[in-house]
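Student: 3D, please:
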Amino acid sequence: MGCSRKIVESGKASFYADKFIGRKTASGTVFRQNRMTAAHKTLPFGTKVKVTNLSNGRKAKVRITDRGPFVEGRIIDLTKKAAKRLGMVNAGIVKVEIKYKKPQR
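Tutor: Residues are numbered from 1 along each chain as shown. Here you go, the predicted structure:
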């Protein structure tokens, strides 16, 4: 039986500055603000993650395509499209909970 464990992390989320548009991400894809993608320090590229903004309960599903954020206390860096869905563009940085399935080995 394939029983995958759900992993939950909490911390702060931020979103990419526009200066990264068109640059290659760590996975080799081109960065675009209008995609539902994100950066995480360790999750495998392609991992699907559900992000919940803890201040308003809004959720977004993103795919990991890059490494980062490299600021202490931050656990995920989102595209502007994902940040808008979470209602965090004005705040810039919000507390979030992320959930994903533990990769099968």
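Student: So Arg23 sits against Phe31, correct?
Tutor: Yes. Arg23 is within contact range of Phe31, at 5.3 Å (criterion: C-beta atoms under 8 Å). Using the backbone N, CA and C atoms, a C-beta is placed for each residue, glycine as well.
Student: quick one, which of these two is more surrounded?
Tutor: Taking neighbours as other C-beta atoms under 10 Å, Arg23 and Phe31 compare with Phe31 leading, 18 against 10.
Student: list the contacts for the closest residue to Ser27 other than its chain neighbours?
Tutor: Excluding the flanking residues, the one nearest Ser27 by C-beta to C-beta, 6 or more residues apart in numbering is Phe45, at 4.1 Å. Neighbour list for Phe45: 26-27, 64-65 [criterion: C-beta atoms under 8 Å, 6 or more residues apart in numbering].
Student: quick check, nearest of the residues you listed to Ser10?
Tutor: Ile64 (17.0 Å; C-beta to C-beta).
Student: Okay, and that closest one sits in which element?
Tutor: strand 59-66 (DSSP states H and E).
Student: what lines up beside that strand in the sheet?
Tutor: strand 37-39 (parallel), strand 48-53 (antiparallel) (DSSP bridges).
Student: Contacts for the first one next, please.
Tutor: I take that to be strand 37-39. Residues contacting strand 37-39 (C-beta under 8 Å, 6+ apart): 16, 25-26, 29, 31, 49, 51, 62-69, 76-79, 82.
Student: distance between it and the chain's centre?
Tutor: Relative to its chain's centre, strand 37-39 lies at 4 Å (C-alpha atoms, centre = their mean, to the nearest Å).
Student: What of the longest one?
Tutor: Relative to its chain's centre, strand 48-53 lies at 7 Å (C-alpha atoms, centre = their mean).
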